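S.K.: with the sequence up front, the predicted model follows.
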Number of protein chains: 2
Amino acid sequence: MKFIRVDMATRTVNVGDVPEQYAGLGGRALTSTFVANEVKPTCHPLGKSNKLIFAPGLLSGTSAVQSGRISVGAKSPLTGGIKESNSGGTFSQKMARMGIKALVVDGIPAEDKYYLIKITMDGTTLEEAPAETIGMGNYEAIQVLMKKYGEKVAIALIGPAGEMKLAAANISFRDPEGNIRSAGRGGLGAVMGSKKLKAIVLDDTGAPGVPIANPEAFKAAAKVFADSLRKHPVTGEGLARFGTNVLVNILNEAGGLPTENFKYGRNDWANEIGGETMTATIEERGGKVSHGCHPGCIIRCSQHYVDKKGKYITSGFEYETIWGLGADSKIRDLDLIAYMDHAMDDIGVDSIETAVTIGVAMDAGVIPWGDGEAALDLIQQIGKGTPLGRIIGCGAAITGKCFGMYRVPVVKNQAIPAYDPRAVKGIGITYATTPMGADHTAGYATATNIMRVGGFVEPLKKEGNVELSRNLQIATAAVDSTGMCLFIAFAILDIPEGFNALIDMINAQYGLSLTGDDVTGLGMAVLKTERGFNERAGFTKYDDRLPEFFDEELAPHNTTWDFTDEEIDEVFNF
Amino acid sequence: MKFIRVDMATRTVNVGDVPEQYAGLGGRALTSTFVANEVKPTCHPLGKSNKLIFAPGLLSGTSAVQSGRISVGAKSPLTGGIKESNSGGTFSQKMARMGIKALVVDGIPAEDKYYLIKITMDGTTLEEAPAETIGMGNYEAIQVLMKKYGEKVAIALIGPAGEMKLAAANISFRDPEGNIRSAGRGGLGAVMGSKKLKAIVLDDTGAPGVPIANPEAFKAAAKVFADSLRKHPVTGEGLARFGTNVLVNILNEAGGLPTENFKYGRNDWANEIGGETMTATIEERGGKVSHGCHPGCIIRCSQHYVDKKGKYITSGFEYETIWGLGADSKIRDLDLIAYMDHAMDDIGVDSIETAVTIGVAMDAGVIPWGDGEAALDLIQQIGKGTPLGRIIGCGAAITGKCFGMYRVPVVKNQAIPAYDPRAVKGIGITYATTPMGADHTAGYATATNIMRVGGFVEPLKKEGNVELSRNLQIATAAVDSTGMCLFIAFAILDIPEGFNALIDMINAQYGLSLTGDDVTGLGMAVLKTERGFNERAGFTKYDDRLPEFFDEELAPHNTTWDFTDEEIDEVFNF
């Protein structure tokens, strides 16, 4: 395996062996260990001392289903802490099959021009980015790059938001159809922008593929694993039918659908923006109800949302984005929300951060509640770099500051997603304590609180939720290291042979004999590594708190966020 | 003595005795102890749990010269830590003579309207603020309030920036001539704005004055004290002649005048904006070269800067403001800088934070370097609440974020003032370590590094500067508790009988027998109290660091910020 380092300051490429301390790691375990080892925790996130690392997961590039997630790591410009953000697309699998353990981008060039890293089996080169892509939207830029570098290349790139180094800028990845997937959270696009790196192109022609120590065992385990996903109602059916947006009505019913900048937990228009309505609309218009974000996906939670003439508007149209605009900002129009999703992908900003920010801006009176046209204009202003666009593009915390707001739903400066912590208490613990800043994917307690996956813990009460979040955060840190889509958790939490098959695949690939305890140990180690970085960056237990306004009662259950500090601090007691 | 608490949520006033734990305290010792005791460190600075406290110093209201500083405390919306900011004007002395130990403003009203607190010897009332003052500039609002409440009232108020709760908003105080002094730093105006408190008016008609336990001893000590100030070249002559702006040429000569957003330590146009030029201009135009910001001031460092027709533009025209616009932002025009100073006072924003922010905005390409008209427009946009104005009005850190900047001169999110830490290393240690965020007044090592007051410590070397900053921070915390202008330090550092006379005055007033060690002990206690609050708000030693870019060499001495973390952390080793 190769470990590629590109120093943008000197424009030199170093292709070396994998350093020993990174040898057994992949995905989040690798990116977070690397950042903790090699990035100065107190450095400026946009400065020369930050480093950006891309790493496929341990199983990426194999025939295992769902193994195509690419992890990206750096110190976050949004949170000031460590960040791992992962994405679908074709990048991870191609990278793994090319034998690349990780790509590290270091330093900042003196010249004010943008570069592109091209990696083929012949080598890694740094060249000037095509001039026409600068300032260009991601959809068009991907087409330009495919035209220049080949129809099958994998692409990572930043849009205008990343070029402007805005704290909500994401890194976009080409998906199999030439559309966009994103490593959304934490502003990693701003780090890439600070390094003047417009794009990375991978051409895997002639790639040797991933060696498998025990191919027969791998094949057998991969089949059990895939069968488990097919068997589970969520991964086998629900996600393909309604996408993640199936959650709108579920959360609304549960009273945990944050509405009007987290003022209410339920509203009476949720169905207008829900997954059932979305799917019916797509079917009626001849769109695509279900497809995967990377080759080998069998869950197929993505879709093509189309306009009335059947023309593509957006894909990867996720619950959290639709919630943020549809419920939290009260824009009762799926079409408008889809155009906004397209615009956010095109400009290259995190759609969760941006949607929550629009709710905050509406609460501040910047634009009227529910005004989708005005919200779309705000998003377009991000791309244009107007002062208001820059405020929005820096996320909810900065927007709250600029408009003197008190009710700003963030933890560690990252926007709180689509599950109200007062009504889904397990996820609230995750928001408060994950080293990532508020992030539902870091320990998705909603699964157990609301969907009764992996057992059931009462969402409205405190009991059991600290333990639930802890266990899920540990498991997630491990899953994020495999290159697996997080949604496999629905199945493996309920189906023990699916969980075992995951470990069997890793063992078969690498000739290991890991146990479930080893996997738990890996998850714990990753979390401790991440917390260690954050501590050295100045974080304390006082950063593991939800905003003060969650002491307000949330209708309809009239619950508050009532964990004591001591209870919250028990999460990392391992 | 009375301890007045106003709860804006219930619109109730409580006038009580002074709680025992605050009895011996005044000024900063009182405000910081109160904030540490009664404000939840993790609260949102603009929320219901923050409290704003006004307290005169221990000697305020007496006949002691220079004793008219009013201290204001709260959790800072700019830094997120504890904040004491003090100001001249007539507020402190009237408050003390009315027998008021402190005024605490708590809670937030439900109604969206502005209030005014009126305090007379008949009582304290909360009434609606005159409607015409809302959105009005401070200069005009003071006239409106004087017309309504009397020509001699003391006034504290916020301008449009405070109403908008911007993080650089200050609290303004009427000076003896009806002009403006400010508790500038840390955004306390935003806290006042969050409480919907437009102004506080004090009418001291019938006030009993300050009781003195031993009047003869007080009088004798006060004379020695005043004589010491008159004797010292800085307080007796220099400050009256050229104002604080005498420092432009001194710092430029020393190579520590930050120029072009801290890129250089010297420039070749400094004299155009220096104190000598300023005074010559004022004299030529028939302005006022020297006057005091509060009754009883004999240092008289303020002035009326006037236009070509002799018409008042601004007063309290300080070195740090002139530096920030004239050197750091390269605006080589004192008249334009004076108009900007007027505008900042009128809108109610900290002129240091704002001037440094303009330098950052120029570095980001928002407006051209040195363009004074464009800079004035930026300031006016703050008052109008445009998106760009809100960015600027939130200070340098937020502006740096919105424009993706790396070179952002802040510590704890507060802008670094007018002395480059690479060339004046003692003040750099103060910036890094004071609980206030970057603040030259918290331990003014420039005095000893550059002006050779209180001895001499080499400014370009590390040796002795940690100790120097520590000692000055301790002394300053004590001085800030007396109500004394900080400039007395120049004299009492060099003239032992002046220092003794200060203690003698306190002893004579209160019937005590404090020693110099007690004063040092008070200073240490205040600093520890403040650091304790910050620790409970989530601050660590990692927040006691200068921005990374100070590793760049500074011309002309080509020095860098080279303290190790361990050296910096020695400051609070007491």
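M.R.: Good, I have the coordinates.

S.K.: now the residue of the stretch 51-200 of chain A found nearest chain B: closest residue in space, sequence neighbours ignored.
M.R.: Proximity of the stretch 51-200 of chain A to chain B (Cβ to the nearest Cβ) peaks at A:Lys165, 2.7 Å away. To be clear about C-beta, it is placed using only N, CA and C from the backbone, and glycine gets the same treatment. In space, and not counting its chain neighbours, A:Lys165 is closest to B:Gly404: 2.7 Å by Cβ to Cβ, 6 or more residues apart in numbering or on different chains.

S.K.: what parts of chain A come near chain B?
M.R.: A:41-44, A:46-47, A:49, A:77, A:164-167, A:190, A:193-194, A:386-388, A:390-391, A:394, A:398, A:401-406, A:408, A:536-540, A:542-543, A:545, A:547-549 (Cβ under 8 Å from any Cβ of the partner chain).

S.K.: which among the residues you listed end up buried?
M.R.: Among the residues of chain A next to chain B, those scoring as buried are A:41-42, A:44, A:46-47, A:49, A:77, A:164-167, A:190, A:193-194, A:386-388, A:390-391, A:394, A:398, A:401-406, A:408, A:537-539, A:543, A:545, A:547-549 (criterion: 16 or more other Cβ atoms under 10 Å in any protein chain shown).

S.K.: show me the shaky parts of chain A.
M.R.: When the per-residue scores of chain A are filtered using pLDDT under 70, no range remains.

S.K.: inside helices: which ones of the residues of chain A next to chain B?
M.R.: A:190, A:193-194, A:387-388, A:390-391, A:398, A:401-402, A:536 (DSSP state H).

S.K.: SS state for A:Glu497?
M.R.: helix (DSSP: H, G, I helix; E, B strand; the rest coil).

S.K.: residue contacts, it?
M.R.: A:224, A:228 (Cβ atoms under 8 Å, 6 or more residues apart in numbering or on different chains).

S.K.: how about a cut-off of 6 Å?
M.R.: Counting by Cβ atoms under 6 Å, 6 or more residues apart in numbering or on different chains, A:Glu497 makes contact with A:Val224.

S.K.: any chance you could map the strands in the stretch 151-300 of chain A?
M.R.: A:154-157, A:171-174, A:180-183, A:197-202, A:288-291 (DSSP state E, counting those that start in this stretch).

S.K.: what is the second one packed up against?
M.R.: Okay, so that is strand A:171-174. Judged by 3 or more Cβ pairs under 6 Å, 6 or more residues apart in numbering or on different chains; DSSP states H and E, strand A:171-174 is in contact with strand A:154-157, strand A:180-183, helix A:188-194.

S.K.: most tightly packed of those?
M.R.: helix A:188-194 (a mean of 30; mean count of other Cβ atoms under 10 Å in any protein chain shown).

S.K.: that one - contacts with which helices or strands?
M.R.: Using 3+ Cβ pairs under 6 Å, 6+ apart: helix A:188-194 touches strand A:70-75, helix A:160-163, strand A:171-174.

S.K.: and the first one, how far from the chain's centre?
M.R.: Using Cα atoms, centre = their mean, to the nearest Å, the distance from the centre of strand A:70-75 to the centre of the chain it belongs to is 10 Å.

S.K.: hmm, who's touching it?
M.R.: Residues contacting strand A:70-75 (Cβ under 6 Å, 6+ apart): A:27-28, A:31-32, A:35, A:39, A:45, A:50, A:52-55, A:83-87, A:91-92, A:171, A:183, A:188, A:191.

S.K.: in strands, which of these fall?
M.R.: A:52-55, A:83-87, A:171, A:183 (DSSP state E).
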